[in-house]
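Peer 1: everything below, folded, please.
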Amino acid sequence: MKEILEADCFFQLQEKFSRIPFTQSQGWYNYMKGRGKEVIFYVDNDQDPKIGCWGTLQKIPFSKRKILLIGAETYSPDLTEMEFKSFYSELATTHDSIEVNSSNPYDIEFEIGIRRAGFKRPMGIFACPLTIEIDLSQDVNVNQNWKRNVKKGTRAGLIFEEITSIQPTEIKAIVSLFKELKELKGLNFELEEISLSRLLKSEGIRTFIVYDQANNPISASINHGNHPYCTNIFSVNSQTARECGAAFFILDSIFEKLKSEKFLYFDFARIPPSDHATDSVYVFKNSSRGKKLQYNGEWTYYKNEKLELAVFLYKCFKTKKQRY
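Peer 2: Numbering: from 1, shown residues only. The predicted model follows:
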């Protein structure tokens, strides 16, 4: 294993891989740096890597220790369980506490390898490891409710646009839309103008906005384009958007645009089926009738099991994260 000290060097090495999860993209790195995060990079080999990842170091509450948080990995599609085991075994020697939340499609070689490296499923699952993927090489077989809402948006005169040169006014509009969504859904995080600006100005990040007839932005979708894959990062909708079908209209328009550019897959980037209010997000995304898939999901490595228990309790009772 090799720690890469320069971000540019890591992302140059990453270019050899065909599929890059958005949480490993340079755009997401820019976003995390904009939020003041400390980032660290690893590859198995700095000459011809077969697997690599970057993660953020975060102070553990009520402790002087830090935990390494990894959003995914970038790796060759033919990687074996032994190669996964070797990478994660070495990674476990670098930090006492590691949490992985891999948004790569489920791979049994990955699961066997990471288990044999000493990682376990966490005490509580806080990120649902399920998603829906749209096959853009075929006609998208959405349900009748989706079609009705697209027609509603068309009748309302909605205007779809991709923003290729992001301006402060658009950033402020997206932040404002997110605040409205946060209040409606009871979300526990914020979008900030500085970090969002860094994300939206990054190569490979696609920003789409729908305006009403008065030219007010009412819906926005931020995505990571990694041809032939496109993955949703953030979607925000105003109350007005819900009344005129804009949430459906914008996605339908995105699908058509991506199809014209020969993209093959659109990943909704997690679905939260549950008996919680967030189930409405699943119902909405499921109306696309896309293919339901599982990610590799969450894994943890703690040398101190009491510390792991303390972190779990903190998530449950202090931050009140939803469990899956």
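Peer 1: the stretch 1-150 of the chain: strands as residue ranges?
Peer 2: 2-4, 38-43, 51-59, 66-70, 74-75, 97-105, 130-135 (DSSP state E, counting those that start in this stretch).
Peer 1: what's the closest of those strands to F87?
Peer 2: strand 51-59 (5.1 Å; C-beta to C-beta). For every residue, glycine as well, the C-beta is placed using N, CA and C.
Peer 1: how about residues contacting the closest one?
Peer 2: Contacts to strand 51-59, defined as C-beta atoms under 8 Å, 6 or more residues apart in numbering, come from residues 4, 10, 13-14, 24, 29, 32, 37-44, 65-76, 79, 83-84, 87, 98.
Peer 1: list buried residues within these.
Peer 2: Buried members of those, scored by 16 or more other C-beta atoms under 10 Å, are 4, 10, 13-14, 24, 29, 32, 40-44, 67-75, 79, 83-84, 87, 98.
Peer 1: distance of the nearest residue to W28 once chain neighbours are set aside from R115?
Peer 2: Computed as C-beta to C-beta, 6 or more residues apart in numbering, the closest residue to W28 that is not its neighbour in sequence is F22, at 5.7 Å. For F22, the distance to R115 equals 26 Å [C-beta to C-beta, to the nearest Å].
Peer 1: what about these two, which has more around it?
Peer 2: Of the pair F22 and R115, F22 is the one with more neighbours under other C-beta atoms under 10 Å, namely 26 against 16.
Peer 1: now the strands of the stretch 1-150 of the chain in TSV, with distance to T164?
Peer 2: Below are the strands of the stretch 1-150 of the chain laid out as TSV (distance: least, C-beta to C-beta, whole Å):
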stretch	distance to T164
strand 2-4	31
strand 38-43	27
strand 51-59	27
strand 66-70	31
strand 74-75	26
strand 97-105	26
strand 130-135	23
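Peer 1: for C316, find the nearest of these.
Peer 2: Using C-beta to C-beta, the strands of the stretch 1-150 of the chain put strand 97-105 closest to C316, at 15.0 Å.
Peer 1: list the strands paired with the closest one, with their directions.
Peer 2: According to DSSP bridges, strand 97-105 forms sheet pairs with strand 66-70 (parallel), strand 291-302 (antiparallel).
Peer 1: pLDDT of the last one, averaged?
Peer 2: To tie it back to what came earlier, the one meant is strand 291-302. Strand 291-302 comes out with an average pLDDT of 98.
Peer 1: now that strand: buried residues?
Peer 2: Per 16+ other C-beta under 10 Å, strand 291-302 contains these buried residues: Y295, N296, G297, E298, W299, T300, Y301, Y302.
Peer 1: ok, then the element right after it?
Peer 2: The C-terminal neighbour of strand 291-302 among helices and strands, as given by DSSP states H and E, is helix 305-313.
Peer 1: could you check the angle that next one makes with strand 66-70?
Peer 2: 60 degrees (axes from the mean of the first three to the mean of the last three C-alpha atoms, to 10 degrees).
Peer 1: how far does helix 305-313 sit from the chain's center?
Peer 2: In terms of C-alpha atoms, centre = their mean, to the nearest Å, the centre of helix 305-313 is found 25 Å from the chain centre.
Peer 1: and that helix, what does it pack onto?
Peer 2: strand 97-105, strand 291-302 (3 or more C-beta pairs under 8 Å, 6 or more residues apart in numbering; DSSP states H and E).
Peer 1: per-domain residue ranges of the chain.
Peer 2: 2-128+295-318, 132-269 (automatic domain parsing).
Peer 1: okay if I get the ones you listed as TSV plus distance to Y282?
Peer 2: Formatted as TSV, those follow (distance: least, C-beta to C-beta, whole Å):
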stretch	distance to Y282
domain 2-128+295-318	9
domain 132-269	9
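Peer 1: for the helix or strand bottoming out on mean pLDDT in the chain, which helices and strands make contact with it?
Peer 2: Ranking every helix and strand in the chain by mean pLDDT, DSSP states H and E puts helix 168-185 at the bottom, with a mean of 87. Using 3+ C-beta pairs under 8 Å, 6+ apart as the contact test, the elements touching helix 168-185 are helix 193-200, strand 205-211, strand 217-226, strand 229-237.
Peer 1: could you dump the strands of the stretch 1-150 of the chain into JSON lines with mean pLDDT and distance to F317 added?
Peer 2: Listed next are the strands of the stretch 1-150 of the chain as JSON lines, based on pLDDT from 0 to 100; distance: least, C-beta to C-beta, whole Å:
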{"stretch": "strand 2-4", "mean pLDDT": "97", "distance to F317": "35"}
{"stretch": "strand 38-43", "mean pLDDT": "98", "distance to F317": "26"}
{"stretch": "strand 51-59", "mean pLDDT": "97", "distance to F317": "19"}
{"stretch": "strand 66-70", "mean pLDDT": "97", "distance to F317": "18"}
{"stretch": "strand 74-75", "mean pLDDT": "98", "distance to F317": "35"}
{"stretch": "strand 97-105", "mean pLDDT": "97", "distance to F317": "18"}
{"stretch": "strand 130-135", "mean pLDDT": "98", "distance to F317": "25"}
